[in-house]
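Peer 1: What would the 3D arrangement of this be:
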Amino acid sequence: MADISIGRIVRRGVAGTIDPRGRDDRVQFWIYFAIVLAPLVAVQMIAQVVLTFPSIDLQGAMQPDYDARAANLKMMTEMFEGMIASIYIAVAMHAVATLLLLTATARRLHDRGRSGLFALILPLAAVVTGIDQARRTEHILGMMPKLSAELAAQSGPQQPSDIFGLIAKMQPEASGASWAAIVAGLAMLVLVIELLRAGTPGPNRFGPQP
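Peer 2: The predicted structure is shown next:
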């Protein structure tokens, strides 16, 4: 029976960060995968909520001299800055996950009798994703003048909630399919399917059965 001691799995994964030799079975790999990915995903989600959730000055909104237009413009700017920061955090989380999982992926591939070089799909996909995120960030930045002009051109009284309708109305247009990202996604799908399959029984060219 496979040893599912969490401590052993973590030690094996962390100690093997720079050592792709040997084999890891499915239990070892996927538990280590979950241990690595869960906190990174949690950090990314919390950062996204904190950075992109707008702060509405309800007390100021009740004042007679409240400038709703200026407040909405400030809130919109803060939301866009938060979106951009959350994208950079997501890219950083992808890089950390790739670093921690690269050699573990190679050892899991060894268990399947495959070359560990296929694990390079991970950093290649991370690079492609990062480039795509940078393209989207540039697109978001390019929308700022248009959104600001639209907000300034609105007539009549404004409410803090008006900013949500404006952003929903002017969502960044589709800037074309990223074929590199599509190819990287398909390669990742093939890799994941391979990682889900059982290892070869008995010893293989990469070592004894784990």
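Peer 1: tell me, what residue is most central in the protein?
Peer 2: Nearest residue to the geometric centre of the chain (CA atoms, centre = their mean): residue 90, 4.2 Å.
Peer 1: helix or strand for that one, which one?
Peer 2: For residue 90, the enclosing helix or strand under DSSP states H and E is helix 68-111.
Peer 1: In contact with residue 117, which residues?
Peer 2: Listed by CB atoms under 8 Å, 6 or more residues apart in numbering, the contact set of residue 117 reads residue 106. All C-beta spots, glycine's among them, are computed from the backbone N, C-alpha and C.
Peer 1: What's the local residue count around residue 197?
Peer 2: Using other CB atoms under 10 Å, residue 197 is surrounded by 12 other residues.
Peer 1: Go ahead and confirm it touches residue 111.
Peer 2: No. Under the criterion of CB atoms under 8 Å, residue 197 is not in contact with residue 111, lying 9.4 Å apart.
Peer 1: what touches both of those two?
Peer 2: Residues touching both residue 197 and residue 111 by CB under 8 Å, 6+ apart: none at all.
Peer 1: So residue 73 sits against residue 148, correct?
Peer 2: Yes. Residue 73 lies in contact with residue 148 (CB under 8 Å); the separation is 6.3 Å.
Peer 1: the more surrounded of the two?
Peer 2: Shown here are residue 73 and residue 148; by other CB under 10 Å, residue 73 has more neighbours (17 against 14).
Peer 1: Do you know the pLDDT at that one?
Peer 2: pLDDT recorded at residue 73 is 72.
Peer 1: circling back to that earlier point, please tell me how far the residue nearest to the centre of the chain sits from residue 30.
Peer 2: 22 Å (CB to CB, to the nearest Å).
Peer 1: hang on, the earlier thing: please report how far the residue nearest to the centre of the chain lies from residue 83.
Peer 2: 11 Å.
Peer 1: What of residue 7?
Peer 2: Relative to residue 83, and taking CB to CB, residue 7 is found at 39 Å.
Peer 1: These two: which has the busier surroundings?
Peer 2: Using other CB under 10 Å as the criterion, residue 7 and residue 83 rank with residue 83 on top: 17 against 7.
Peer 1: Can you report phi and psi for the residue nearest to that one when sequence neighbours are not counted?
Peer 2: The shortest distance from residue 83 to any non-neighbouring residue, by CB to CB, 6 or more residues apart in numbering, is to residue 52 (5.4 Å). Here the main-chain torsion angles of residue 52 (degrees, to the nearest 10) amount to phi -100, psi -10.
Peer 1: How many neighbouring residues does residue 52 have?
Peer 2: 16.
Peer 1: residue contacts, it?
Peer 2: 79, 82, 83, 86.
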